[in-house]
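S.K.: Attaching a predicted model along with its sequence, questions to come.
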Amino acid sequence: IGLGLHDEKDVTVRGLELIKSSSKVFLEAYTSILSIGKERLEAFYGRDDIVVADRDFVECHAEEIYLPAKESDVAFLVVGDPVC
């Protein structure tokens, strides 16, 4: 889910709905850096369980992301536009 480039309010409405309804939320934190902290995202999204996924986590522990996705919805947050 693309978060935009500036702050917590740049996410789309559909993205916000998916974040709120997901059982787990991961914030990819190595290809780009958001200008705000995880705590502001959690407050805006109404969550307190966002997992920061650094390069090691994404590349060496990917199963912690994709295995839960077999049973429930998992959100993977990316700064900017995930398609570009």
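M.R.: That came through fine.

S.K.: Test for you: state the pLDDT assigned to residue 32.
M.R.: At residue 32, the model reports a pLDDT of 87.

S.K.: residue contacts, residue 30?
M.R.: 53-55, 58 (CB atoms under 8 Å, 6 or more residues apart in numbering). (Each C-beta comes from the backbone N, C-alpha and C, glycine too.)

S.K.: Narrow those to those in strands?
M.R.: Counting by DSSP state E, these place residue 53 in strands.

S.K.: what stretches of the protein score poorly on pLDDT?
M.R.: Low-confidence segments of the chain (pLDDT under 70): 84.

S.K.: where do the strands sit along the chain?
M.R.: Under DSSP E, the chain gives strands at 24-28, 51-53, 74-77.

S.K.: hang on, the earlier thing: now the contacts of residue 30: which count as buried?
M.R.: The neighbour-count test (16 or more other CB atoms under 10 Å) marks 53, 58 as buried among those.
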